[in-house]
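S.K.: Make a model of this:
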Amino acid sequence: MKWFNKRDYTVSPSGISKIEKLRIGGVDQSILIQSENPNNPVLLFLHGGPSMPVPGVSNRGTDYALVTTTRELVKHFTVVFWDQRGTGLSYSKHIPQDTMHVQQFVQDARDLSNYLITRFQQPKLHLAAHSWGTVVALKLVHQYPNKFRSYTAFSQITNWVENDKLSYRWLVEEAKIRRDTKAQRQLQAVGEPPYLEGFKQWGVIRRWQLKYSSMFYNHKDGRSASFMSGAKIMLRSPDYSLVDMYNCLVRGFKLSYSEQMIQDLNSFDFFTEVRSISIPVMFIHGSKEQHVWSELAVRYYEQLDAPKGKQFHWSPLSSHAFHMDDAKVNEMRLIEFCGGVTT
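M.R.: So this is what the prediction gives:
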């Protein structure tokens, strides 16, 4: 929103800072391209959610992007942020809800990758993703490894149902500690996952996760991530309006959770489906994480066959969204990791 706009940095005239609208999978979708040198390797980032597009198109000129900072990143890479189908600048009331399913997002990401490979005349891309984006990304690099140089996962989801079970048990204990009888009653009524009856059933634990701030850890230094951190990025954006914010947080959220999406999320298991990755991979996880449970991510990492190399790093000040100091470290990790890939 222009009246809130205060950019942290601007890309030089010799670079590129541009929003493009593309026709992907029959739907108009928007991407942000930022780079000091468009000849640099391309880094494509898949945001979380579904329908929480940060980092996304709203991040133009904003250094902090919830999981990483970007001021230095755009000097080393051509960074591409994408508002996925049905959210932000890629929202439309005309998008059929029956297209909102996991494989459609994988196909959209594949088509976008093909466009970027052709557009920037590079044989492969670097890929990074956060949360929900890691579901799409891991399927993408597994199905199309020849399109990617490397994969970086922030808060890798490995099995949605098992993660929900751990979340449910945490919520039950947290409700007891807080003596929250309303939460105890609703959680007992819905029972332990999986939730296959629809969004209303599944939404019970999401409601209490939000109330109990499972995604955020407050280090009490004024630099911790919060729900408002993402909202401020959108508010400061020169390219977003209040309507675009509403399309992220309300309309896009409702659109995303189709019956097929609910079934998809409750049926994948990367422990059995993706046992190996043929490109270099880096996992980054918040030490305070109470949303995407670290015990699953660590167990998956340990069993993953990655002949080109794998790394696992902790962000000590962060839960699901990353503290500003950890985000800066993550930026340096990306520069070093992706810059060291020779394939």
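S.K.: Next up, the contacts around the residue lying closest to residue 167 once chain neighbours are set aside.
M.R.: The shortest distance from residue 167 to any non-neighbouring residue, by Cβ to Cβ, 6 or more residues apart in numbering, is to residue 205 (5.9 Å). Placement of C-beta: from N, CA and C, glycine included. Residue 205 is in contact with 164, 167-168, 171, 187, 190, 193, 195, counting by Cβ atoms under 8 Å, 6 or more residues apart in numbering.
S.K.: which of the residues you listed has the most neighbours?
M.R.: Among the contacts of residue 205, the one with the most neighbours (other Cβ atoms under 10 Å) is residue 171, at 24 neighbours.
S.K.: Contacts only, for that residue.
M.R.: Applying Cβ under 8 Å, 6+ apart, the residues near residue 171 are 183, 187, 205, 208-209, 212.
S.K.: Over to residue 314: give its phi and psi.
M.R.: Main-chain torsions, residue 314, degrees, to the nearest 10: phi -100, psi 140.
S.K.: For the nearest residue to it once chain neighbours are set aside, grab phi and psi.
M.R.: Excluding the flanking residues, the one nearest residue 314 by Cβ to Cβ, 6+ apart is residue 287, at 4.9 Å. Main-chain torsions, residue 287, degrees, to the nearest 10: phi -70, psi -30.
S.K.: now do the one 3 residues further on
M.R.: In this entry, residue 290 is assigned phi and psi values of phi -130, psi 20 (degrees, to the nearest 10).
S.K.: how deep is it tucked in, by neighbour count?
M.R.: So residue 290, with other Cβ under 10 Å, has 21 neighbours.
S.K.: Isn't it up against residue 214?
M.R.: Yes - using Cβ atoms under 8 Å, residue 290 is in contact with residue 214, at 4.5 Å.
S.K.: quick one: common contacting residues for those two?
M.R.: 167, 170, 319-320.
S.K.: still on that earlier bit, nearest to residue 269, out of the contacts of residue 171: which one, please.
M.R.: Closest approach to residue 269 among the contacts of residue 171 (Cβ to Cβ): residue 205, at 19.3 Å.
S.K.: following the helix or strand hosting that closest one, which helix or strand comes up?
M.R.: Secondary structure from DSSP states H and E places residue 205 in helix 199-211. Going down the chain from helix 199-211, the next helix or strand is helix 227-236, by DSSP H and E.
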